[in-house]
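> Following is a predicted model, sequence given first.
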Amino acid sequence: MRVLAVDWSGDLRAAARRIRVAEAEPGRLLAVRGGLDREGIGGLLRDLRDGPAPAVVGIDFSFGLPAWFAARHGVSTLPQLWDLARDEGEGWLRACAPPFWGRAGTRKPTDLPLYRRTELDARERGLNPLSTFQVGGAGAVGTGSVRGMALLGAWRREGIGVWPLDAAPGPRGVLVVEVYPRAMTGPVVKSSATARATHVGADPRIPVALRPAVVASEDAFDAAFSALGMAGHAAELASLPALTDPTSVLEGRMWLPPGEHFEGL
C-alpha cells in the first residue's frame, strides 16, 4: 500500500506555492514535491484511484464542522455538509460572520461550541488543534478547510474513499484521511529553518538527498513527517474500518497515531 500526505493550502490564487505532497514507506521517506494546486491534488487522487496499488492519503484540513452548525443549516450527513460548503463556503469566508472569526474587526465567539468532538479528543491527548471557524490569524485552518470540504463530495462521487465514511482501501483503492501534522512532527519550532534542519538531520528515516526539500518550508516539513508518521502505522491504515457512530459520520474524525500522548506539542 502506498502512503502519501498532503500539506494543504487555502490560498485563493497561489495554493500551488504552498501545497506539498510527500510519500513514505515504513521507516523511509521516498519523495516530497510541490507544484500542485487544489485541483491538481484531485488529479493526483484520481491517478492513485486508477493505479495498480491501493493508497491512503492524509490531508491536513478539517473534513467537517461541529454538529450544531450542520443542524442549523438543515444538513444531517457529511456529504450534505460538503455540498453546503461547495455552494456557500466562499460566502462564509467573505462575510466572516459568527461563528467564523479571524478577520479584521471580528471576534472569537464566546457563546458557541467551537470544536468538533475529534478536536476535543485530540486536546485531551495533549495536542492543540484550532477551531475550523477561525479563518484568519496565526495558525488558522478555517479557510483551507472550507475550500477543502467543498471538494470532498466531488472526490467521493468519483470513487475516492473518505474516512470515516469509507473503510480502507476505499471503494476503488484509495482512501483520504484527515491528519494533524503536529502529532507526527514531534516537538520542534517549525517556523525556524535552523530548527527544521536540526530535526531533519537527526532523523535517519529521511535520506540525505531529500533533506534540503524537507527543510525548505514548513509545508514540506509537515508533509514529510505526516507521511512518515502514517507509514509507521501502515498496517493499521490498510485495515481502517468505516465508523458509524453519529458524531463521526456528521463531524468527521481526524486520524491520529494510536496509543500516543502528545504533551508538550
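Good, I have the coordinates.
> rest of the way, CA atoms for contacts and neighbours
Will do.
> mind listing what the residue nearest to the spatial centre of the chain touches?
Among the residues of the chain, residue 60 comes closest to the average C-alpha position under CA atoms, centre = their mean, at 1.6 Å. Residue 60 is in contact with 6, 7, 8, 178, 179, 180, 181, counting by CA atoms under 8 Å, 6 or more residues apart in numbering.
> In strands only, show me these.
Taking DSSP state E, the ones among those that sit in strands are 6, 7, 178, 179.
> residue boundaries of the strands in this protein?
2-7, 20-25, 28-33, 55-59, 161-162, 174-179, 254-255.
> Give the pairing partners of the first one; include direction for each.
On the basis of DSSP bridges, the sheet neighbours of strand 2-7 come out as strand 20-25 (antiparallel), strand 55-59 (parallel).
> Now mean neighbour count too, for these, in TSV please.
Shown next, in TSV, are the strands paired with strand 2-7 (neighbours: other CA atoms under 10 Å):
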stretch	mean neighbour count
strand 20-25	25
strand 55-59	26
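> want to throw the ones you listed into TSV with mean pLDDT and distance to residue 146?
TSV is the format used below for those (pLDDT from 0 to 100; distance: least, CA to CA, whole Å):
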stretch	mean pLDDT	distance to residue 146
strand 20-25	98	19
strand 55-59	98	13
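> closest to residue 205 out of those strands?
strand 20-25 (9.2 Å; CA to CA).
> any idea how far that closest one is from the chain center?
Remark: strand 20-25 is offset 14 Å from the chain centroid, using CA atoms, centre = their mean, to the nearest Å.
> Show me the contact partners of it.
2-8, 29-36, 219-220, 223-224, 227-228, 231-232.
> send the alpha carbons of stretch 69-78 over as PDB?
In PDB, the C-alpha atoms belonging to stretch 69-78 read as follows (Å, rounded to 0.1, in the frame of the first residue of the first chain):
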ATOM      1  CA  PHE A  69     -23.600  24.000  12.700                       C
ATOM      2  CA  ALA A  70     -24.700  21.300  10.400                       C
ATOM      3  CA  ALA A  71     -28.100  21.100  12.200                       C
ATOM      4  CA  ARG A  72     -28.500  24.900  12.000                       C
ATOM      5  CA  HIS A  73     -28.200  24.600   8.200                       C
ATOM      6  CA  GLY A  74     -30.500  21.700   7.900                       C
ATOM      7  CA  VAL A  75     -28.000  19.000   6.900                       C
ATOM      8  CA  SER A  76     -27.600  15.700   8.600                       C
ATOM      9  CA  THR A  77     -24.700  14.000   6.900                       C
ATOM     10  CA  LEU A  78     -21.100  14.800   6.000                       C
END
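> Now do the buried residues in it.
Residues of stretch 69-78 classed as buried: 69, 70, 75, 76, 77, 78 (neighbour count, 16 or more other CA atoms under 10 Å).
> now the fourth one: how far from residue 137?
With the distance defined as CA to CA, to the nearest Å, residue 76 ends up 30 Å from residue 137.
> how much space between the residue lying farthest from the centre of the chain and residue 136?
Largest separation from the mean C-alpha position in the chain: residue 105, at 28.0 Å (CA atoms, centre = their mean). Distance, residue 105 to residue 136, by CA to CA: 11 Å.
> Which single one of the buried residues of stretch 69-78 is nearest to residue 114?
Closest to residue 114, out of all of these and judged by CA to CA, is residue 69, at 9.6 Å.
> need the helices for the chain, in chain order.
Counting by DSSP state H, the chain has helices at residues 15-18, 38-49, 67-72, 78-95, 117-124, 142-157, 182-185, 193-201, 211-215, 218-231, 234-238, 246-251.
> out of these, deepest packed?
Ranked by average neighbour count under the criterion mean count of other CA atoms under 10 Å, the helices of the chain are headed by helix 218-231 at a mean of 27.
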